[in-house]
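[1] Provided below for reference: sequence and predicted model.
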Amino acid sequence: MYRWTSPHPALSGVSCALSPFGPNKCLLSVIVRNEAPYLVEWATYHYAMGFREIVVFSNFCDDLSDILLDRLDDLGIVRHRPHPCVMFPQIGQIQISALRLTTLLGQFKASDFMMMIDLDEFLEVCVGDHDLASFFASVPDFEVASFAVRGRNAEDKRFIENGEVLSRFLQSSWANMDRTGDGDSVVCAVKSLARSRLTRGFHRNHRPMIAKFSTSGKRWINGAGSDMGPDFTDRRASSIRLSGPKQLALVNHYSIRSAESFMVKAQRGNASGAARLGMTDVAMANTLKYWTSRNTPPQVRHDPPHEPPGFRALLDFVRSDPIIADLEARALAIHRERAALGYGTDLGRKLADLIGYAPPGPS
């Protein structure tokens, strides 16, 4: 029988700064492909948030992501699992198969709630201590909570720097909508936190699919704690129109980050293997559209996301590990080199001219 521990014994040096995980044991599942510069910030943030089990499935990584994840596993921050698609490409549907694999793990079977987000997404709790326990304390008991996803844009940032995003990218294209709930409505995607053992349904990347949920007598709420109607719960919708009361929690999405980061992402393609991005003649139109649709005016400047207790202490603690520090430095160098190599191609130069990227000159 798997036993839930909080925090992991390897983190005894910083455990006093972290909130307890609370009455609900929450698991986070994610797939990763070549995201090494961003792993430590993302993983420590969500661990401090209260996700004491973070299961990471890596696929086809060649930027040290898999080795860095192994070290984060040693430290008790994540559980690293190579995705079976690395050995069996015929599996397909990388996100769905990762979800199904998650449900077979002891960590999942011992959990109360689970969520799947991407490596460029950060759940933000806007009330209390800004952790999962505060969100649970602010809303009624629920089966599913679907949070609005707010895109953050590149904000004219050219370079990856140290890979952190939370304090750097503060602009959003939500024209008149902020965490107070004032202003016009906006249509946005959702990501969901749901009971691990769903009845009459199954987990998916954006939201569970549960047959005739509105007849179940259970609650499906949004990030404001309000009940969702059957037009959402009983259908396959993965977006909502957001308006009205203040959001108690939402997801910040850093899909493009800096221009340098996007140059690397365009060469890599989607983490799930979907052919939406690429630096080829066929894919370039989609790549350009991906950037412009996520970096469009009007842009509103927001405060940095609220951070859960102990996050900065945990981030500093993990980065004090010499193995982590060495891997992060090498991974950053790999990503900078790949961006510069992309710039050296005709298609790469076309993309770079649009997004405002040029390699740094000699120092």
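    Thanks, I have it.

[2] Residues touching stretch 236-248, excluding its own?
    With contact meaning C-beta atoms under 8 Å, 6 or more residues apart in numbering, stretch 236-248 is reached by 125-127, 135, 138-139, 146-148, 177, 179-181, 184-190, 206-207, 209, 222-226, 228, 231-232. (Each C-beta comes from the backbone N, C-alpha and C, glycine too.)

[3] Filter those down to the buried ones.
    Buried members of the contacts of stretch 236-248, counted by 16 or more other C-beta atoms under 10 Å: 125-127, 135, 139, 146-148, 177, 179, 186, 188-190, 206-207, 222-225, 228, 232.

[4] Which ones among these map onto strands?
    Here DSSP state E is the test, and those give Val125, Ser146, Phe147, Ala148, Val186, Cys188, Ala189, Val190, Asn222 as lying in strands.

[5] Tell me who's in contact with the third one.
    It refers to Phe147. By C-beta under 8 Å, 6+ apart, the contact set of Phe147 is Leu123, Val190, Lys191, Ser192, Leu193, Asn222, Gly223, Gln247, Ala249, Leu250, Val251.

[6] Output these as a markdown table; include the columns pLDDT.
    Output for those, formatted as a markdown table (pLDDT from 0 to 100):
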| residue | pLDDT |
| --- | --- |
| Leu123 | 98 |
| Val190 | 95 |
| Lys191 | 96 |
| Ser192 | 97 |
| Leu193 | 98 |
| Asn222 | 94 |
| Gly223 | 94 |
| Gln247 | 89 |
| Ala249 | 96 |
| Leu250 | 93 |
| Val251 | 95 |
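
[7] Let me know the closest of those residues to Val86.
    Of all the contacts of Phe147, Lys191 has the smallest distance to Val86: 25.2 Å, by C-beta to C-beta.

[8] Val149 is in contact with the closest one, correct?
    Yes - applying C-beta atoms under 8 Å, one finds Lys191 in contact with Val149, separated by 5.9 Å.

[9] Now do the shared contacts for the two.
    Common contacts of Lys191 and Val149 (C-beta under 8 Å, 6+ apart): Glu121, Val251.

[10] if we can go back for a sec, identify the farthest-apart pair in the ones in strands among the buried ones among the contacts of stretch 236-248.
    Top of the distance list for those (C-beta to C-beta): Val125 and Val186, 20.1 Å.

[11] pretty sure Asp66 is touching Asn59, no?
    No - counting by C-beta under 8 Å, Asp66 sits too far from Asn59 to count as a contact (9.2 Å).

[12] and for those two, which residues touch both?
    Common contacts of Asp66 and Asn59, defined by C-beta under 8 Å, 6+ apart, comprise Pro82.

[13] Bridged to Val186, which residues?
    For Val186, the beta-bridge partners under DSSP bridges are Leu242.

[14] Next: the one 4 residues further on.
    Applying DSSP bridges to Val190 gives these bridge partners: Ala148.

[15] Tell me who's in contact with it.
    When contacts are counted by C-beta under 8 Å, 6+ apart, Val190 touches Ser146, Phe147, Ala148, Val149, His206, Arg207, Asn222, Ser238, Ser239, Ile240.

[16] Can you give me the distance of the second one to Val139?
    By that I understand Phe147. As defined by C-beta to C-beta, to the nearest Å, Phe147 lies at a distance of 11 Å from Val139.

[17] so Lys218 makes contact with Glu143?
    Yes - the pair Lys218 / Glu143 is scored as a contact, 4.1 Å apart, by C-beta under 8 Å.

[18] so where is the stretch 101-250 of the chain shaky, pLDDT-wise?
    Scanning the stretch 101-250 of the chain for pLDDT under 70 picks out the ranges 173-185, 243-245.

[19] what about the helices in it?
    106-109, 132-138, 230-233 (DSSP state H, counting those that start in this stretch).

[20] any idea which of the ones you listed is most buried?
    Of all the helices of the stretch 101-250 of the chain, helix 132-138 has the most neighbours on average by mean count of other C-beta atoms under 10 Å, namely a mean of 21.

[21] how far is that one from where the chain is centred?
    Remark: helix 132-138 is offset 20 Å from the chain centroid, using C-alpha atoms, centre = their mean, to the nearest Å.

[22] buried sites along the helix ranked longest in the chain?
    Secondary structure of the chain per DSSP state H: the longest helix is helix 322-343. Using 16+ other C-beta under 10 Å as the test for burial, helix 322-343 gives 324, 327-328, 331-332, 334-336, 338-340, 342-343.

[23] Now do the strands in the protein.
    Secondary structure of the chain (DSSP E): strands located at 26-32, 51-58, 79-82, 113-116, 121-125, 144-151, 171-172, 186-195, 201-202, 209-210, 220-222, 239-242, 249-253, 300-301.

[24] can you state the direction angle for the fifth one and strand 249-253?
    Using axes from the mean of the first three to the mean of the last three C-alpha atoms, to 10 degrees, the inter-axis angle of strand 121-125 relative to strand 249-253 is 150 degrees.

[25] Can you name every helix or strand that strand 121-125 contacts?
    Using 3 or more C-beta pairs under 8 Å, 6 or more residues apart in numbering; DSSP states H and E, the elements in contact with strand 121-125 are helix 39-49, helix 132-138, strand 186-195, strand 249-253.

[26] Great, nothing more from me.
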